[in-house]
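Asker: Whatever this is, show me its structure:
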Amino acid sequence: MRVGDGLPPLEIPITRTLVVAGAIASRDYQDVHHDPELAVRRGSPDVFMNILTTNGLVGRYVTDHFGPYAVLRKVAVRLGAPNYPGDTMVLRGTVEAMDGDTAVVRVVGENGIGRHVTGTVTVILGGAS
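Answerer: Prediction:
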């Protein structure tokens, strides 16, 4: 792995189940993540994914690429366009820095309405013990 290397894109279908399950799993019970009627009353067209689910998907993307011995050290993301059910988010990554067995990967996730997430993931590239 070298600076500038790209990770293959990962397409993630945004289903209502993914949005709601992610919110429940992260104990985020805000109604905009599970109740479509209340989300609409609050000005959203539908429920939308919470940041903790996005954070987990970004981490999964990087560790799936680097393998089962990779260890996440830091995940820093910013959200943009919401992920609504019925859309698809495509994650793409580029190795931004290498220092020994540690890589920093820039990750961008886009959906049908724009850029959903940008950020960096610092990962230790472990080998089998």
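Asker: So which residues of this structure form helices?
Answerer: Using DSSP state H, the helices of the chain run over 16-25, 36-41, 51-66.
Asker: what's around residue 37, how many residues?
Answerer: For residue 37, the neighbour count with other Cβ atoms under 10 Å is 9. Using the backbone N, CA and C atoms, a C-beta is placed for each residue, glycine as well.
Asker: One more: residue 79?
Answerer: When neighbours are defined as other Cβ under 10 Å, residue 79 has 18 of them.
Asker: correct me, but it touches residue 117?
Answerer: Yes - between residue 79 and residue 117 a contact is recorded at 5.9 Å, counting by Cβ atoms under 8 Å.
Asker: any residues in contact with both of these two?
Answerer: Counting by Cβ atoms under 8 Å, 6 or more residues apart in numbering, the shared contacts of residue 79 and residue 117 are residue 54.
Asker: What sits closest to residue 34 if chain neighbours are left out?
Answerer: In space, residue 34 comes closest to residue 20 once its chain neighbours are excluded; the distance is 4.8 Å by Cβ to Cβ, 6 or more residues apart in numbering.
Asker: ok now do the one you found, which residues does it touch?
Answerer: Residues near residue 20 by Cβ under 8 Å, 6+ apart: 33, 34, 47.
Asker: please redo it, this time with the cut-off set to 10 Å
Answerer: For residue 20, the contact set (Cβ atoms under 10 Å, 6 or more residues apart in numbering) comprises 33, 34, 35, 36, 47, 49, 53, 85.
Asker: Give the PyMOL command for selecting the buried subset of those.
Answerer: Per 16 or more other Cβ atoms under 10 Å, the buried members of these correspond to this PyMOL selection:
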select buried, resi 33+34+36+47+49+53+85
